[in-house]
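1. quick one: sequence plus predicted model below, questions after.
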Amino acid sequence: MNLAQAHSLMVEAAVRTLVVIDDDSAVRNALQFALELEGYKVAPFASPLELLARAPVPAFDCLIVDQRLPAINGLDVVDLLRRNSRPPRPAILITSNPSNALRARAAAAGVPIVEKPLQSDELIRIVRRMVG
């Protein structure tokens, strides 16, 4: 292996993969665009079922998930994926107008909330803090 190949492997190893789940394609695409501009690899999904249908579930460094999804809510998705991953992966919840109960549940799970309308700078700051 030459120096260029070794550098390429190191860069690939340093790239963090983020799973984004949001049923709104405009939000999903905007998140993917903003995060890829920051150098992250993004695996976008319209639903948790779409992600879980991929066997095995792709490896990822952080989950970014909308709270309001048709079949299951975002925090339940976080719980499900954390039960099946070791070590549990960091997660970020996106939602609008979170209730106090949701804030408390997310805080207890160690899941920060980014409120809609999304500010990509805030989301990117949190992603960097969680995964580098």
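-> Ah, there it is. Residues are numbered from 1 along each chain as shown.
2. rest of the way, CA atoms for contacts and neighbours
-> Noted.
3. S25 and A46 touch, don't they?
-> Yes - under the criterion of CA atoms under 8 Å, S25 makes contact with A46 at 7.1 Å.
4. any regions of this protein where pLDDT drops low?
-> 1-13 (pLDDT under 70).
5. now the helices for this protein?
-> Listed from the start of the chain, the chain has helices (DSSP state H) covering 3-14, 25-37, 48-52, 74-83, 100-108, 120-131.
6. just those: most buried one?
-> With neighbours taken as mean count of other CA atoms under 10 Å, the helices of the chain reach their highest mean count in helix 74-83, at a mean of 17.
7. quick one: contacts of it?
-> 48, 63, 65-68, 88-89, 91, 93, 106 (CA atoms under 8 Å, 6 or more residues apart in numbering).
8. just the buried members of those?
-> 48, 63, 65-68, 89, 91, 93, 106 (16 or more other CA atoms under 10 Å).
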